[in-house]
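In: quick check, what structure comes out for this input:
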Amino acid sequence: MADLVRRLKLRLASLFSIDAQTERGAELAARGHRRESFRVLTKAARAGGIEAQYQVGRAYLRGDAVPPSPGDAIFWLEQAANAGLPEAQHFLAALAMQGLNHAAHDLFAGALESEAMIGRPPDYAAARFWAQQAADAGWAEAKALLACLYNHGPAEWHDRHAADTLNRAAAAADCPQGRLGLAVSLVASELEEDRTEARRELTAAASSGLPAANLMLGSLDAAVDPAAAAGHYRIAAEGGLPTGMLRYGMALLAGRGVARDPVAGEGWLRRAALGGEATAACLVADLYLGGDGLPPNLAEAGIWLRCGAERGSPVASRRLGQLCLRQGDRAEGANWLQKAAALGDEIARVDLAQLALAYGLPAQADLRAWLAAKAEAGDMAAAFNLGVCCAEAVGGALDETAALARFRQAASVLPAARYWLGRMKIEGRGEPQDLGGGRIWLERAAREGVVEAQLLAGEMMVNGRGGDRDVRGGYDLFKRLAATGHAGAQFSLGVLKAGGHGIPPDAVEALGHFRAAAQQGHPRAALMAGRYLAHGIGAPVNRIEAGGWLRRARPFHYDEAEQELARLREVA
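Out: Model (predicted):
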């Protein structure tokens with residue numbers, strides 16, 4: 001009987017030993033009893049159980065059966081790591097790579113503690129310290145992590161040979177991360193055997209379920225086997241990799257290697273954008289700007305472009321700026337264009353230069369120097385914009401000689417430069433006035449569709465300035481321009497049709513042109529429309545309509561308009 005009691009006591013002691021408690025905690029977790037498992041493991045951890053300390057730390061990090069607490073997680077993980085547990089050492093190294101290894105041990109930190117840890121920079125020194133200890137203990141994943149530090153950590157640590165040695169050792173232990181690291185090193189080799197080995201290692205890593213390996217295999221297969229590539233991208237996307245989501249979404253949108261499915265494609269692109277892929281945000285915005293047959297939704301497009309811009313994408317910043325300009329918000333548009341330009345987006349700088357020229361917005365301090373450098377490199381658009389800057393005193397002092405030189409440089413390519421060159425010659429800016437030479441350039445630009453050139457060249461042709469009088473040629477230019485709704489051209493057609501210019505007069509047509517121009521706010525056209533209707537020219541007398549047009553013209557042509565209005569009052 002005494003022997004039986006002794007054996008029962010020993011059995012009970014073993015049941016409540018640290019190892020037994022740890023095993024029981026794991027068993028309870030496997031059966032879904034998470035709270036009870038955590039209670040048992042915590043008891044074992046406080047008694048010095050190393051494995052239990054590791055499991056409790058991870059539970060606090062995940063928020064498994066207990067509110068998340070990075071501070072408590074780090075505390076318990078450090079207990080296990082300092083006791084020599086390689087799993088804990090490797091886990092701490094991985095956390096340090098995310099900047100999550102310095103959580104304050106503050107019992108009152110609460111839920112805000114997790115938020116405070118978001119966006120922390122990597123702690124490379126701590127990552128190396130813990131990874132080295134775990135690697136020395138033979139932990140394969142730690143060797144792969146240490147290799148990553150030698151390849152991608154601080155520049156002074158870079159050691160390709162050490163990284164390859166560690167990755168080979170990790171790969172030999174069938175560590176997927178080691179296989180991936182080795183493949184990345186080999187895939188760029190010029191030797192066929194290295195590239196073959198790289199694919200073999202990638203395939204093995206991918207078969208273990210490593211999303212990054214599938215993503216890389218997809219990239220290798222994209223040009224030769226789109227279907228295989230799409231399959232790899234899908235696995236990477238389902239594995240949570242934003243880049244995999246981006247590429248799989250693009251494949252679904254285009255039907256490349258997989259059945260086309262725009263709805264599913266958009267869904268993956270949205271997830272990629274929310275995961276930090278700025279390119280995906282731009283692609284979603286494209287869909288809402290009318291891509292793939294969807295009705296345009298500028299508000300939704302703006303949300304996604306802002307998403308990409310706030311993640312530091314110069315393209316998204318520039319396109320958001322352009323969208324703001326399209327919606328009439330020049331200040332916000334300029335703000336985002338400036339951010340894009342600061343990130344090196346050349347198109348944004350061009351847009352900013354054009355904004356400064358068109359609306360008198362403040363120019364960038366180095367605008368002229370930047371445009372000059374691009375012009376000297378053969379960029380004719382930059383040469384033209386620099387000419388406008390010099391001619392209009394944007395970004396520096398007025399310099400008409402330099403402006404003329406830049407317009408000459410760009411005139412061989414750009415119709416707008418030909419217009420400016422002609423205009424400078426006519427006005428005698430930068431060199432003595434040359435009406436004939438200016439008219440030649442203007443007529444050429446007018447034939448190429450430059451609106452300002454059509455208007456000015458038409459006037460010169462009608463009045464015989466800078467060459468022979470050509471009323472019919474001017475009339476044809478005005479007619480072409482008026483068809484686009486240009487108020488100035490419509491007014492000019494009205495003047496020509498009023499008679500006395502060699503064009504068959506037609507009062508009805510003249511009044512029609514005056515009315516059309518007046519409706520767009522042309523003051524002189526409003527005066528003429530009022531006169532015609534007051535005197536019954538081109539239409540029966542209409543004192544009410546005549547008075548309306550004359551009152552519109554009065555602020556600009558007071559004496560003439562008031563004289564006609566006085567006559568209307570007398571007649572009335």
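
In: now do the contacts for R543.
Out: L533, A534, L568, V571, A572 (Cβ atoms under 8 Å, 6 or more residues apart in numbering). For the C-beta atoms, the positions are set from N, CA and C on the backbone; glycine is no exception.

In: so which of the residues you listed belong to helices?
Out: Those of the contacts of R543 mapping onto helices are L533, A534, L568, V571, per DSSP state H.

In: give me the buried subset of those.
Out: With burial judged by 16 or more other Cβ atoms under 10 Å, the buried subset of these is L533, A534, L568.

In: and the pLDDT at the second one?
Out: Yep, that's A534 we're talking about. As predicted, A534 sits at a pLDDT of 88.

In: all helices for the stretch 451-572 of the chain, in order.
Out: 451-463, 471-482, 487-497, 507-519, 523-535, 543-553, 558-571 (DSSP state H, counting those that start in this stretch).

In: what of the stretch 301-450 of the chain?
Out: Under DSSP H, counting those that start in this stretch, the stretch 301-450 of the chain gives helices at 314-326, 330-342, 346-359, 367-376, 380-392, 400-411, 415-427, 435-447.

In: which secondary structure elements does the fourth one contact?
Out: Read it as helix 367-376. helix 346-359, helix 380-392 (3 or more Cβ pairs under 8 Å, 6 or more residues apart in numbering; DSSP states H and E).

In: CSV for those, including distance to W157 and mean pLDDT?
Out: Converted to CSV, those look like this (distance: least, Cβ to Cβ, whole Å; pLDDT from 0 to 100):
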stretch, distance to W157, mean pLDDT
helix 346-359, 34, 75
helix 380-392, 42, 87
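
In: ranking those helices by burial, who's on top?
Out: Mean neighbour count (mean count of other Cβ atoms under 10 Å) peaks for helix 380-392 among the helices and strands packed on helix 367-376, with a mean of 24.

In: can you tell me what sits against that helix?
Out: The contact list for helix 380-392, computed with Cβ under 8 Å, 6+ apart, reads 350, 353-354, 356-357, 363, 367-368, 370-372, 374-375, 394-396, 398-400, 402-407, 409-410, 412-414, 416-417, 420, 424, 429.

In: can you report how many residues neighbour A227?
Out: 11 (other Cβ atoms under 10 Å).

In: what about it, distance to I544?
Out: 74 Å (Cβ to Cβ, to the nearest Å).

In: related to what we said a few turns ago, export the buried ones among the ones in helices among the contacts of R543 as JSON lines, with columns for distance to A81.
Out: Listed next are those as JSON lines, based on distance: Cβ to Cβ, whole Å:
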{"residue": "L533", "distance to A81": "94"}
{"residue": "A534", "distance to A81": "97"}
{"residue": "L568", "distance to A81": "97"}
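
In: just name the closest of the residues you listed to G275, please.
Out: L533 (66.0 Å; Cβ to Cβ).

In: quick one: residues contacting the nearest residue to that closest one once chain neighbours are set aside.
Out: Counting by Cβ to Cβ, 6 or more residues apart in numbering, the nearest residue to L533 once its immediate chain neighbours are dropped is A546, at 3.8 Å. A546 sits next to A529, G530, R531, Y532, L533, A534, E564, L568 when contact means Cβ under 8 Å, 6+ apart.

In: what score does A546 have for pLDDT?
Out: 85.

In: where in the chain is the helix or strand with the lowest mean pLDDT?
Out: Lowest on mean pLDDT, DSSP states H and E among the helices and strands of the chain sits helix 112-116, with a mean of 40.

In: buried residues in stretch 444-459?
Out: Neighbour-count burial for stretch 444-459 [16+ other Cβ under 10 Å]: R444, A445, A446, V450, E452, A453, Q454, L455, L456, A457, G458, E459.

In: what does stretch 137-152 give?
Out: Those would be 139-151, for stretch 137-152 by 16+ other Cβ under 10 Å.

In: same thing with stretch 55-63?
Out: Buried, per 16+ other Cβ under 10 Å, within stretch 55-63: Q55, V56, G57, R58, A59, Y60, L61.

In: please identify which of those residues is nearest to G488.
Out: Among the buried residues of stretch 55-63, and counting by Cβ to Cβ, the member closest to G488 is L61, at 70.9 Å.

In: quick check, that closest one in contact with P68.
Out: Yes: shown here, L61 and P68 form a contact pair, counting by Cβ atoms under 8 Å, at 6.9 Å.

In: now stretch 466-483: mean pLDDT?
Out: 88.

In: tell me the buried residues in it?
Out: G466, D470, V471, G473, G474, Y475, L477, F478, K479, R480, L481, A482.

In: list the contacts of the second one.
Out: Same thing as D470. Here D470 is in contact with M461, V462, G464 (Cβ under 8 Å, 6+ apart).

In: contacts made by stretch 411-426 with the rest, please.
Out: Identification of contacts with stretch 411-426 by Cβ under 8 Å, 6+ apart yields 380-381, 383-384, 387-388, 391, 400, 403-404, 407-410, 430-431, 433-435, 437-442, 444-445, 448-450, 452-453, 456-457, 460, 466.

In: mind listing what's buried in that stretch?
Out: Those would be 411, 414-426, for stretch 411-426 by 16+ other Cβ under 10 Å.

In: residues contacting Y475?
Out: Counting by Cβ under 8 Å, 6+ apart, Y475 has contacts G458, V462, L493, L496, I503.

In: elements contacting the longest helix seen in the chain?
Out: Taking DSSP H as the criterion, the chain has its longest helix at helix 192-207. The helices and strands touching helix 192-207, judged by 3+ Cβ pairs under 8 Å, 6+ apart, are helix 176-187, helix 211-221.

In: return the set of buried residues in it.
Out: R195, E197, A198, R199, E201, L202, A204, A205, A206.

In: pretty sure R515 contacts A529?
Out: Yes: taking Cβ under 8 Å as the contact criterion, R515 and A529 are neighbours in contact, 5.1 Å apart.

In: so for these two, which sits in the more crowded spot?
Out: A529 (32 against 21).

In: follow-up on the earlier one: make CSV from the buried residues of stretch 55-63 and add distance to R24 and pLDDT to it.
Out: Shown next, in CSV, are the buried residues of stretch 55-63 (distance: Cβ to Cβ, whole Å; pLDDT from 0 to 100):
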residue, distance to R24, pLDDT
Q55, 12, 90
V56, 14, 90
G57, 18, 89
R58, 17, 90
A59, 15, 89
Y60, 19, 89
L61, 22, 86
